[in-house]
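Chemist: Have a look at this prediction, sequence included:
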Amino acid sequence: MTKMSKEDFFRLFKNQTYVEQLKEIPQKFNVIHNEETKTSDITIYGVIGTSWWSDSFSASDMDKALNEAGGNDINIHLNSPGGDAFMGIAIYNRLKRHEGKVKVFVDGWACSAASVIAMAADELTMGLGSMIMIHEASNIVWGTKTDMRKEADILDELEEGIIDIYMTKANVSREEIREKVDAETWFSAKKAVEIGFANKAEGAESDDDNITTNSVLDSEQKRKIMNEMKGILKPNNPELEPSPTPTNVDKGNGSFNLLKKWR
């Protein structure tokens, strides 16, 4: 395995449409603890993992921030093209073990390893226009065919673990998630909610238009609505009810049935 440059990393994206925008995300890891509200706000912008670039942040940074947070609830503001997959997995697991509630807000992008971190949320909110991207595990290998086969085996196992993480949120089959990983799939805020990755999407025109996984009516509400609809549709005037017996009208050589109608 060779050391990967920033340019090499972005060349691994099948869809190059957003690459230039992703490159421009400013590098930022910031932590603010509020003892009055018992919350800690953590900003994660830019590349994940110190193994490639010195200006990235690591799982050690997250571990330190969470140790300082104690039992505080965590609000993570995420905007990242991804980076080191193993670092993303380590951050995911560290967040899952945190005793406080973890909320993640995708401010812009949660691509690649950043999408793994997003899955650690107890509550995941997509910002207006934000996106999640999932894709195949990848690396750059220099060496013999044996070296390449070994690396492919490692990537297969890595990808299975990442799919395990996605399946903690997804409401579709594992095979469907695998297909979306292989194809490199970009989810809008709405699509992220629909597949189960996110709980809600911000920026709807009104509260009634908000997309949320909790918006499905429960059975009691449905029963109440159906009863009300029956009351509206059932005619109160017996004269308006259709006659159960057709009336024969003589038309000379034959007859036809005339049914009383109502609106």
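Modeler: Arrived safely, thanks for sending.
Chemist: If you count contacts, what does the longest helix anywhere in the chain end up packed against?
Modeler: When the chain is parsed with DSSP state H, its longest helix is helix 145-167. When contacts are defined as 3 or more CB pairs under 8 Å, 6 or more residues apart in numbering; DSSP states H and E, helix 145-167 packs onto helix 85-96, helix 113-118, helix 174-183. Backbone N, C-alpha and C define where each C-beta goes, glycine included.
Chemist: and it with helix 85-96, angle?
Modeler: 30 degrees (axes from the mean of the first three to the mean of the last three CA atoms, to 10 degrees).
Chemist: circling back: nearest to His135 among the helices and strands packed on helix 145-167 would be which one?
Modeler: For His135, the closest of the helices and strands packed on helix 145-167 is helix 174-183, at 6.3 Å, according to CB to CB.
Chemist: Now do the domain split for this protein, please.
Modeler: 6-212, 219-258 (automatic domain parsing).
Chemist: okay, how far is it across stretch 135-149, tip to tip?
Modeler: 20 Å (CA to CA, to the nearest Å).
Chemist: about what we covered before: need the least confident one among the domains of the chain, by mean pLDDT.
Modeler: The minimum mean pLDDT among the domains of the chain belongs to domain 219-258 (a mean of 50).
Chemist: and Gly196, how many neighbours?
Modeler: 16 (other CB atoms under 10 Å).
Chemist: Torsion angles phi and psi at the nearest residue to it once chain neighbours are set aside?
Modeler: For Gly196, ignoring the flanking residues on the chain, the nearest one in space by CB to CB, 6 or more residues apart in numbering is Asn171 at 3.7 Å. Main-chain dihedrals, Asn171, degrees, to the nearest 10: phi -110, psi 20.
Chemist: Report all helices and strands that the strand ranked longest in the chain contacts.
Modeler: Using DSSP state E, we find that the single longest strand of the chain is strand 102-111. Counting by 3+ CB pairs under 8 Å, 6+ apart, the packing neighbours recorded for strand 102-111 are strand 73-80, helix 113-118, strand 123-126, strand 131-134.
Chemist: Please repeat the previous calculation with a cut-off of 6 Å.
Modeler: strand 73-80, strand 123-126, strand 131-134 (3 or more CB pairs under 6 Å, 6 or more residues apart in numbering; DSSP states H and E).
Chemist: if we can go back for a sec, deepest of the domains of the chain, which one?
Modeler: domain 6-212 (a mean of 17; mean count of other CB atoms under 10 Å).
Chemist: OK, contacts around Leu78?
Modeler: 44, 104, 106, 110 (CB atoms under 6 Å, 6 or more residues apart in numbering).
Chemist: what's next to stretch 152-172, contact-wise?
Modeler: Here stretch 152-172 has contacts from 116, 119, 137, 174, 177, 195-197, using CB under 6 Å, 6+ apart.
Chemist: re the thing from before, the longest strand of the chain - which strands sit beside it in the sheet, and in what orientation?
Modeler: Note on strand 102-111: by DSSP bridges, its sheet partners are strand 73-80 (parallel), strand 123-126 (parallel), strand 131-134 (parallel).
Chemist: Next up, the contacts around the residue lying closest to Val181 once chain neighbours are set aside.
Modeler: Leaving aside its sequence neighbours, Val181 sits nearest to Ile134 (CB to CB, 6+ apart; 5.3 Å). Residues near Ile134 by CB under 6 Å, 6+ apart: 115, 181, 185.
Chemist: shouldn't the first one be in contact with His135?
Modeler: Spelled out, that is Ser115. No: applying CB atoms under 6 Å as the test, Ser115 and His135 come out as separate, 8.8 Å apart.
Chemist: about what we covered before: need the helices and strands packed on strand 102-111 in JSON lines (columns: distance to Phe86).
Modeler: Shown next, in JSON lines, are the helices and strands packed on strand 102-111 (distance: least, CB to CB, whole Å):
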{"stretch": "strand 73-80", "distance to Phe86": "15"}
{"stretch": "strand 123-126", "distance to Phe86": "22"}
{"stretch": "strand 131-134", "distance to Phe86": "16"}
